[in-house]
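Undergrad: What follows is a predicted structure for the sequence shown.
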Number of protein chains: 2
Amino acid sequence: MDFKTLKSFEKIVEHGNFARAAEELAYSPSTVTTQIQKLESDLGVLLFERGKKIALTEAGRLFYEQSIPILKNMEQLQKTLGDLASGEAGHVRMGVTEPTASHQFPGLLRRFTEVYPHIRISVEIAGTPVLTDKILKGELDFGLGSFPDSAAQLHFEPLFTEEFLLLVPKDHALAREGSNSVTLGRLRETRLLITAQSCPYRRKLETALREEGSFPPDTMEIGSMSALKHYVAEGLGAALVPRMVLDPLPEGTLALPMEGGGINMTCGLICRSADLPLKRAGKNLYDFLLHEFTRQKG
Amino acid sequence: MDFKTLKSFEKIVEHGNFARAAEELAYSPSTVTTQIQKLESDLGVLLFERGKKIALTEAGRLFYEQSIPILKNMEQLQKTLGDLASGEAGHVRMGVTEPTASHQFPGLLRRFTEVYPHIRISVEIAGTPVLTDKILKGELDFGLGSFPDSAAQLHFEPLFTEEFLLLVPKDHALAREGSNSVTLGRLRETRLLITAQSCPYRRKLETALREEGSFPPDTMEIGSMSALKHYVAEGLGAALVPRMVLDPLPEGTLALPMEGGGINMTCGLICRSADLPLKRAGKNLYDFLLHEFTRQKG
DNA sequence: GGAACCGTTCAAAATAATTGAATGAAGTGG
DNA sequence: CCACTTCATTCAATTATTTTGAACGGTTCC
């Protein structure tokens, strides 16, 4: 028994009429006649009473009541699988590093869910090493973070570059000079608050400052970037933080650009080279993020 | 999409194996391969991961979970309709006259339901005229009663013949004579309790007695046959009642046969000639009753 | 009485299902 | 390491089925 036959049966009952059912389903009239005859012979039961007007038999009524829900269920199932295949639905597991996870990403995700309301998303927030590890193991579909240390088997798609600004308390020595920017060298004069060892921003920063010989003698290590802001506001020292973290600027602080372009760090999408091109729901989120950032740039 | 394909899919998942599924369904191996390939292309989704061992994909798992209940529902529906077609299930509306309805019929119906537990039965109890009327109108499938007055368009199938016995109080004049039977003529000497005008037994009785000139001058009309017994027991008179009503014989009464064979009445199955042969569930009950009575006779 | 509509029939054509034999890939046991 | 088995797949050929158009017979509705 074929679902097409059930569909014909449904339309015949709805229209009370073989001809209109055939028309709606783009069949020739004889086709639906044959379909119903075969159906009746399969079931061993007459479905319609053929008089001047056709009418459901008792068996036909029973069959209608029970078969239409079956048909609807199958149609729903086909749609669900279709969505899954087209990427309209499904499950994407992605990893995001801080501070992106707390700043740009929420808004992006909100806009994405407006376009693809049926895609379920899991966001794991961790440092780049953890993310790349899980991406390689297939536990995450892709990630949003800085350029990974071990790029083997990984594809990196740059999205945006973050400039580091120097966040200082309003009454800090470097702030009072009235200058609008600071040279790297002056950093040695202050205590620098930095994030944990695992933070990719910290590593980027450390590498850059050591190359310049500007790494300050006094540092203090604060676990997270968002917490770090409050230590600066409290006057414990200065910190180099990505621009996105400074919205809103903490009370009693100033953000100064570094002279000569300062330090920049590029974030982007990370996935297994083997997984390119991504498929289904994952591809939709990946492409959405890519598109959003190229649009922003242009 | 065909239910045969779903069935193959089910068996493949159950056996974890194309080959065994093909074997069980008596398909060639290539058939199930083709079926699944078509199914996958229809759904736009791969159902199995083809490695050393086949395994369901995520989509395949989803499809399995949802499609198998659909398949089961359809199989159940087919069985239900099959039962309906074969007469294993369905609804029979029949009419029965008293006193058969209260005596032989309950036991027959019990035995029938043991053979056909899924047939729903409605029993209407009424006089033959009402029954034949409803049978002709199609409101009843068939009836069990006496030969109908208007036999046009009706078929009557005799089942059994009931002898009328004279029920008298133990101390009744006709009982005290020590004789084992009574002639019709003696009936004039007693008050005769008779049932209502509509009762076929009453009409049969009245006709027979008037022909013989034995209709007694004193009668009393009591609505129902089963009530009538108690009036006899109370000493109000004698009554001619079918043998079946006299089990059990009411306290303080005697049942005397009429001399010379007495009065008999034939009961049988009544249905529309146009409906012969009966179909489905109705035929099963009709044939069952027929068979039970011919067996009893032989 | 004639036009329009409907369901059905029939033979032909188009499409789909099924098969057996061959192929290749993977596991098994000596 | 090499037969040996098992298994899914491919391919061409066969078989079954679905679909169609045209014609037919019935009914309804002016």
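TA: It's in.
Undergrad: could you point out which element follows the longest strand belonging to chain A?
TA: The longest strand of chain A (DSSP state E) is strand A:154-169. Downstream of strand A:154-169, the first helix or strand assigned by DSSP states H and E is helix A:173-176.
Undergrad: just for chain A, where's the confidence low?
TA: A:297-298 (pLDDT under 70).
Undergrad: At the contact with chain B, which residues of it appear?
TA: Within chain A, the positions lying close to chain B (Cβ under 8 Å from any Cβ of the partner chain) are A:1-3, A:43-45, A:59, A:62-63, A:66-67, A:69-70, A:73-74, A:77-78, A:80-82, A:84-86. The way it works is simple: take the backbone N, C-alpha and C, and place the C-beta from them, glycine included.
Undergrad: Tell me the helices and strands packed up against the longest strand of chain A.
TA: For strand A:154-169, the contact count by 3 or more Cβ pairs under 8 Å, 6 or more residues apart in numbering or on different chains; DSSP states H and E identifies helix A:128-137, helix A:173-176, helix A:225-233, strand A:239-242, strand A:253-257, strand A:264-272, helix A:280-297 as packing neighbours.
Undergrad: Give me the residues contacting the longest one.
TA: By Cβ atoms under 8 Å, 6 or more residues apart in numbering or on different chains, the surrounding residues in contact with helix A:280-297 are A:84-92, A:94, A:108, A:111-112, A:115-116, A:119, A:121, A:141-142, A:144, A:157, A:159-160, A:269, A:271, A:277-278.
Undergrad: what's the answer for the second one, then?
TA: Contact partners of helix A:173-176, identified using Cβ under 8 Å, 6+ apart, comprise A:L166, A:V168, A:P169, A:V182, A:R186, A:E189, A:T190, A:A238, A:L254, A:L256.
Undergrad: ok, 10 Å please
TA: Helix A:173-176 is contacted by residues A:166-170, A:182-183, A:186-187, A:189-190, A:238, A:253-256 when judged by Cβ atoms under 10 Å, 6 or more residues apart in numbering or on different chains.
Undergrad: Between those, which sits nearest B:K11?
TA: Each of these was checked against B:K11 using Cβ to Cβ; the closest is A:L167, at 66.2 Å.
Undergrad: The longest strand of chain A pairs with which strands?
TA: strand A:239-242 (antiparallel), strand A:253-257 (antiparallel), strand A:264-272 (antiparallel) (DSSP bridges).
Undergrad: Report the distance from the shortest one to the chain centre.
TA: Looking back up the chat, that one is strand A:239-242. Its chain's average C-alpha position is 26 Å from that of strand A:239-242, according to Cα atoms, centre = their mean, to the nearest Å.
Undergrad: With just CA atoms, put it into PDB.
TA: The C-alpha coordinates for strand A:239-242 follow below in PDB (Å, rounded to 0.1, in the frame of the first residue of the first chain):
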ATOM      1  CA  ALA A 239      45.000  45.900  31.900                       C
ATOM      2  CA  LEU A 240      45.200  45.400  28.200                       C
ATOM      3  CA  VAL A 241      41.800  44.200  27.100                       C
ATOM      4  CA  PRO A 242      40.000  43.600  23.800                       C
END
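Undergrad: before we move on, the earlier item: quick one: the longest strand of chain A to helix A:280-297, angle?
TA: With axes from the mean of the first three to the mean of the last three Cα atoms, to 10 degrees defining the directions, strand A:154-169 sits at 50 degrees from helix A:280-297.
Undergrad: hmm, back to that, so which of the contacts of helix A:280-297 are in strands?
TA: A:89-92, A:94, A:119, A:121, A:142, A:144, A:157, A:159-160, A:269, A:271.
Undergrad: Identify those among the residues of chain A next to chain B that sit within helices.
TA: Counted as lying in helices by DSSP state H, out of the residues of chain A next to chain B, are A:3, A:43, A:59, A:62-63, A:66-67, A:69-70, A:73-74, A:77-78, A:80-82, A:84-86.
Undergrad: Can you say which of those residues are buried?
TA: A:3, A:43, A:59, A:62-63, A:66-67, A:70, A:74, A:77-78, A:80-81, A:84-85 (16 or more other Cβ atoms under 10 Å in any protein chain shown).
Undergrad: if we can go back for a sec, DNA strand D is nearest to which of the strands paired with strand A:154-169?
TA: Set against DNA strand D and scored by Cβ to the nearest atom of the strand, those come closest in strand A:264-272, at 25.0 Å.
Undergrad: List the buried residues of the longest strand of chain A.
TA: A:L154, A:H155, A:F156, A:L159, A:F160, A:E162, A:F164, A:L165, A:L166, A:L167, A:V168, A:P169.
Undergrad: Please determine how far the fifth one is located from DNA strand D.
TA: Meaning A:F160. Noted for A:F160: a distance of 44 Å to DNA strand D, by Cβ to the nearest atom of the strand, to the nearest Å.
Undergrad: do the fourth one as well
TA: In this structure, A:L159 and DNA strand D are 39 Å apart, going by Cβ to the nearest atom of the strand.
Undergrad: Looks like that residue contacts A:T100 (just checking).
TA: Yes. The pair A:L159 / A:T100 is scored as a contact, 9.2 Å apart, by Cβ atoms under 10 Å.
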